[in-house]
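Engineer: show me how the following folds:
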Amino acid sequence: MGQKMKITGWVAAGVCAGVLTTVSLQTVARGSLAPLPLEELQQLAAVFGMVKSDYVEPVDEKKLISDAISGMVAGLDPHSQYFDKKSFKEFREGTTGRFVGVGIEISQEDGLIKLVSPIEGSPAFRAGLKPNDLITKIDDTAVRGLSLNEAVKRMRGEANTKVLLTIFRKDENRTFPVTITREEIRTQSVRGKVVEPGYAWIRLSQFQERTVDDFVKKVEEIYKQDPNLKGLVLDLRNDPGGLLDAAVAISAAFLPENVTVVSTDGQLAESKSIYKAAPEFYQRRAGSDPLRNLPAALKTVPLVVLVNEGSASASEIVAGALQDHKRATIMGSQTFGKGSVQTVRPLGPDTGLKITTARYYTPSGTSIQAKGIVPNVLVDESAEGSPFAALRMREADLEKHLASGQGPESKDPEREKARDEARKRLEEEAKKPPQDRKVPEFGATDDFALAQAVKSLKGQPVLVSKTQVIVDNKEEKKDN
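Structural biologist: Numbers count the residues shown, from 1 in each chain. Below you'll find the predicted structure:
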């Protein structure tokens with residue numbers, strides 16, 4: 001890659017998996033700027049002056065300017081964003097996989113916060129919190145009515161400060177308080193296990209700074225446990241993306257050396273790049289290849305990649321590369337469709353700008369922006385199908401989303417019909433008791449899609465979806 005831009009990349013956490021995630025490149029600023037529109041800038045200054053002098057009550061000048069910048073950037077597309085001091089700090093935490101908090105993975109259930117699992121070694125883990133515990137209060141604030149993001153913000157804070165959680169443990173039918181001291185948490189983005197002799201499962205929940213190293217360790221553990229692996233499932237379901245260099249590295253772990261993983265194209269010269277399966281495109285330290293200790297068998301072991309509507313950005317890069325090179329069978333549902341690159345540029349010591357600078361393309365030259373990766377084999381999330389998949393937000397559903405750049409978009413009447421049917425089913429589902437509405441955990445013994453992936457690796461018949469509706473992809477296919 002020579003003197004090309006160094007890949008750093010940061011991720012943003014979002015409410016919907018993939019909606020605010022980003023594959024990021026850090027580039028140098030342009031050497032020259034186009035002439036500024038003076039008349040419009042004078043209008044902006046005039047409006048600022050009028051608001052400051054005429055508004056019903058005094059306004060904070062810094063907040064006024066910050067809001068103006070935020071509005072200007074937000075008008076571009078859903079992924080461009082201005083970061084003030086607080087949001088920039090939270091954004092940086094996302095890329096490192098480190099944050100200060102209690103150390104739990106959470107979801108929502110009946111308006112309460114459900115503990116999916118405590119992170120091993122975290123304050124919550126040491127305090128004895130268990131999966132399926134319900135958090136009813138955070139300090140003095142009732143949880144019912146709070147969004148997941150609001151609950152997360154209340155549980156996070158400064159290191160060595162305390163937070164009081166009120167817990168309802170259903171299987172013991174009791175409520176009790178737990179005081180937890182916050183500390184720095186390191187999240188685990190890689191899980192895996194041998195699901196049965198000869199077949200293993202590795203799940204990536206996000207592409208962070210530590211993901212590649214953790215992936216290598218997990219692969220080594222699996223091959224140590226079962227040296228004669230016959231097949232591997234790479235699970236990217238609900239992986240919202242993250243660091244570009246991590247996506248290139250994970251792809252390179254399975255692909256022949258020097259083949260193209262992904263390319264990018266935009267206005268800047270630095271945005272026109274090709275990333276290959278070679279150490280110089282993903283290593284963070286010169287001369288240090290994080291993949292050097294991987295078993296050679298990983299290059300040829302039969303591979304299935306699981307994806308769904310929540311697989312976005314960096315996870316789509318991996319799926320697209322492995323699909324185009326015919327290295328893996330992609331199974332599951334059509335992915336989110338975020339095929340744009342965001343560059344993060346600091347504006348000072350504690351503020352920054354995340355701006356869309358390029359589209360990325362799979363090795364065959366296909367843009368998946370607003371389209372997504374279509375699996376080789378469509379598989380549902382359960383034996384009963386994927387009744388609510390049509391309701392999940394995708395890139396093409398986002399207001400002001402960037403077009404694919406490879407032909408006009410068209411509304412799919414079949415998808416709209418599927419959405420109407422899904423809404424009706426959802427109304428019926430809401431009438432059922434909570435225990436009957438549980439979705440199996442990824443990697444669990446009742447994980448239907450994983451079971452189909454293992455069947456595929458064994459050469460056995462797979463229960464293919466008969467109900468999934470693919471978003472129109474005709475324009476993309478014309479340019480291949």
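Engineer: first-to-last residue distance for stretch 336-352?
Structural biologist: Taking C-alpha to C-alpha, to the nearest Å, the first and last residues of stretch 336-352 lie 26 Å apart.
Engineer: mean confidence score for it?
Structural biologist: Mean pLDDT, computed over stretch 336-352, is 90.
Engineer: now do the domain split for this protein, please.
Structural biologist: In terms of domains, the chain is parsed into 99-186, 190-341+363-478 (source: automatic domain parsing).
Engineer: Glu40: neighbour count?
Structural biologist: Residue crowding around Glu40 was assessed by other C-beta atoms under 10 Å; the count is 9. Every C-beta, even on glycine, is put in place using the N, C-alpha and C of the backbone.
Engineer: tell me which of the domains of the chain sits most buried.
Structural biologist: When neighbours are counted by mean count of other C-beta atoms under 10 Å, the highest per-stretch mean among the domains of the chain falls to domain 190-341+363-478, a mean of 19.
Engineer: ok now that domain, how far from the chain's centre?
Structural biologist: 11 Å (C-alpha atoms, centre = their mean, to the nearest Å).
Engineer: which residue ranges form the helices in this structure?
Structural biologist: Using DSSP state H, the helices assigned to the chain run over residues 38-54, 61-74, 85-96, 123-126, 148-155, 211-225, 244-254, 314-324, 413-429, 448-458, 474-478.
Engineer: got CSV for the domains of the chain, with distance to Pro37 too?
Structural biologist: What follows is the domains of the chain, written out as CSV (distance: least, C-beta to C-beta, whole Å):
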stretch, distance to Pro37
domain 99-186, 36
domain 190-341+363-478, 18
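Engineer: for Leu353, which of those is the nearest?
Structural biologist: Within those, the stretch nearest Leu353 is domain 190-341+363-478; the backing value is 14.2 Å (C-beta to C-beta).
Engineer: closest to Thr357 out of the domains of the chain?
Structural biologist: Taking C-beta to C-beta as the criterion, Thr357 comes closest to domain 190-341+363-478 out of those, the separation being 4.8 Å.
Engineer: Serialize the helices of the chain to CSV and add fields for distance to Leu134 and mean pLDDT.
Structural biologist: Written out in CSV, the entries for the helices of the chain read as follows (distance: least, C-beta to C-beta, whole Å; pLDDT from 0 to 100):
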stretch, distance to Leu134, mean pLDDT
helix 38-54, 45, 94
helix 61-74, 35, 91
helix 85-96, 25, 76
helix 123-126, 14, 90
helix 148-155, 12, 84
helix 211-225, 30, 97
helix 244-254, 34, 97
helix 314-324, 30, 97
helix 413-429, 20, 62
helix 448-458, 26, 98
helix 474-478, 44, 34
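Engineer: helices and strands around the biggest strand by length in the chain, which ones?
Structural biologist: Looking across the chain with DSSP state E, the single longest strand is strand 352-361. Other helices and strands packing on strand 352-361, by 3 or more C-beta pairs under 8 Å, 6 or more residues apart in numbering; DSSP states H and E, are strand 23-25, strand 81-83, helix 85-96, strand 260-265, strand 340-346.
Engineer: so which of the ones you listed gets nearest Asn173?
Structural biologist: Asn173 sits nearest to helix 85-96 of all the helices and strands packed on strand 352-361, at 36.5 Å, using C-beta to C-beta.
Engineer: tell me what the closest one is packed against?
Structural biologist: Identification of packing neighbours for helix 85-96 by 3+ C-beta pairs under 8 Å, 6+ apart yields strand 352-361.
Engineer: now do 6 Å
Structural biologist: Identification of packing neighbours for helix 85-96 by 3 or more C-beta pairs under 6 Å, 6 or more residues apart in numbering; DSSP states H and E yields no helix or strand.
Engineer: between it and strand 352-361, how big is the angle?
Structural biologist: Helix 85-96 and strand 352-361 are oriented at 40 degrees to each other (axes from the mean of the first three to the mean of the last three C-alpha atoms, to 10 degrees).
Engineer: okay, the angle between helix 85-96 and helix 148-155?
Structural biologist: For the pair helix 85-96 and helix 148-155, the angle between their directions (the same axes, to 10 degrees) equals 100 degrees.
Engineer: extract the CA atoms of helix 85-96 and return them as CSV.
Structural biologist: Coordinates of each C-alpha in helix 85-96 appear next as CSV, following Å, rounded to 0.1, in the frame of the first residue of the first chain:
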residue,chain,number,x,y,z
LYS,A,85,-17.0,16.6,23.4
LYS,A,86,-19.3,14.0,25.0
SER,A,87,-20.3,12.2,21.8
PHE,A,88,-16.7,12.1,20.5
LYS,A,89,-15.6,10.4,23.8
GLU,A,90,-18.4,7.8,23.5
PHE,A,91,-17.4,7.2,19.8
ARG,A,92,-13.8,6.6,20.7
GLU,A,93,-14.9,4.1,23.3
GLY,A,94,-16.8,2.1,20.7
THR,A,95,-13.7,1.5,18.5
THR,A,96,-11.5,0.2,21.4
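Engineer: next, the angle helix 244-254 makes with that helix.
Structural biologist: With the same axes, to 10 degrees defining the directions, helix 85-96 sits at 10 degrees from helix 244-254.
Engineer: how far off centre is helix 85-96?
Structural biologist: 15 Å.
Engineer: go on, stretch 334-347?
Structural biologist: Between the mean C-alpha point of stretch 334-347 and the mean C-alpha point of its chain there is a distance of 11 Å (C-alpha atoms, centre = their mean).
Engineer: same check, this time on stretch 166-185
Structural biologist: Using C-alpha atoms, centre = their mean, we find the averaged C-alpha position of stretch 166-185 to lie 28 Å away from the chain's own average C-alpha position.
Engineer: roughly how far apart are the closest residue to Pro346 other than its chain neighbours and Lys85?
Structural biologist: The shortest distance from Pro346 to any residue that is not its chain neighbour, by C-beta to C-beta, 6 or more residues apart in numbering, is 4.8 Å, and that residue is Gly352. Per C-beta to C-beta, to the nearest Å, Gly352 is found 10 Å from Lys85.
Engineer: next: Thr362.
Structural biologist: Where Lys85 is concerned, Thr362 sits at a distance of 37 Å (C-beta to C-beta).
Engineer: more neighbours: which of these two?
Structural biologist: Neighbours were counted for Thr362 and for Lys85 using other C-beta under 10 Å; Thr362 has more, 25 against 12.
Engineer: Gly71 is nearest to which of the domains of the chain?
Structural biologist: domain 190-341+363-478 (12.5 Å).
Engineer: residue contacts, the nearest residue to Thr260 once chain neighbours are set aside?
Structural biologist: Of all residues not flanking Thr260 in the chain, Pro363 sits nearest, at 4.4 Å (C-beta to C-beta, 6+ apart). Contacts for Pro363 were tallied using C-beta atoms under 6 Å, 6 or more residues apart in numbering; they are Thr260, Ala321, Asp324.
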